[in-house]
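Chemist: coords please:
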Amino acid sequence: MTDKTFASLVTPLLTVHLEPGETLRGVVASTYQKTFSGWMVAIGVTERRLILLGLDRKWQPKGPPQIVSDPEALATAELDGAGDGWWTTAAAIADWHSLILRVRTDDGEKTKLTMTRGGMKLMGGAEQEQGVAALAARLAEARS
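Modeler: Next comes the predicted model:
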C-alpha cells in the first residue's frame, strides 16, 4: 500500500484549474471555519495566482475554486502566526506551529484560512512546509 499525501490527492484537482503556461509551485492544506461549520481548503500556489479549492469529506471539490489573481490582493494578503498577537502560552504555541492567511479573492470575498507550517509528519510534513514556503515567496513577489 502506498502512502497517500495531501499533495498527491489534491494536485490533480488543482491542475485542472491552471491556465496555459502556468505551473503549480506548491500545495498547502488549510482549513476554513465558519461559526458552526468548516472544511478543508487546498491552496494551489502558481507564479500568477492562488487557487483556493474547498474540499468535502470525501476529498472532492466543494464547488468551483476561489481565485486570487489581483496583484493588489496578493500584495496586501497577510500571512501571520495563528496566535493573533496574543501574549499567552497557547498563542505562542499557535504562532510557532500555525499560520493564518487573510486574503481577498477575485470575487471580493475576504477569506481567512488556517494552516500548519509543516515540517513534522504530524504537521503536514515536508510537502506542507514546501507549500507554505511557495506561498510566502509568492506573496513576497507580489509586494516587490
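Chemist: rest of the way, CA atoms for contacts and neighbours
Modeler: OK.
Chemist: so what's the residue nearest to the spatial centre of the chain up against?
Modeler: Nearest to the mean C-alpha position of the chain, by CA atoms, centre = their mean, lies Ile43 at 3.8 Å. By CA atoms under 8 Å, 6 or more residues apart in numbering, Ile43 lies in contact with 27-30, 50-53.
Chemist: let's have those in CSV, adding secondary structure, pLDDT and neighbour count.
Modeler: Shown next, in CSV, are those (DSSP: H, G, I helix; E, B strand; the rest coil; pLDDT from 0 to 100; neighbours: other CA atoms under 10 Å):
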residue, secondary structure, pLDDT, neighbour count
Val27, strand, 95, 28
Val28, strand, 94, 28
Ala29, strand, 93, 23
Ser30, strand, 93, 23
Leu50, strand, 97, 26
Ile51, strand, 98, 24
Leu52, strand, 97, 23
Leu53, strand, 97, 24
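Chemist: which among those residues gets closest to Arg143?
Modeler: Using CA to CA, Leu50 comes nearest to Arg143 of the contacts of Ile43, at 14.7 Å.
Chemist: pretty sure that closest one contacts Pro71?
Modeler: No. Counting by CA atoms under 8 Å, Leu50 does not reach Pro71; the two are 10.9 Å apart.
Chemist: can you say which helix or strand has the residue nearest to the centre of the chain in it?
Modeler: strand 38-46 (DSSP states H and E).
Chemist: quick check: buried residues in that strand?
Modeler: Within strand 38-46, the residues that count as buried by 16 or more other CA atoms under 10 Å are 40-46.
Chemist: give me the element Ala133 is part of.
Modeler: Using DSSP H and E, Ala133 falls in helix 125-143.
Chemist: just the angle between that helix and strand 38-46, please?
Modeler: 60 degrees (axes from the mean of the first three to the mean of the last three CA atoms, to 10 degrees).
Chemist: looking at Leu13 now. What's its pLDDT?
Modeler: With respect to pLDDT, Leu13 scores 97.
Chemist: helix/strand/coil for it?
Modeler: In three-state terms, and counting by DSSP: H, G, I helix; E, B strand; the rest coil, Leu13 is helix.
Chemist: perfect, I'm done here.
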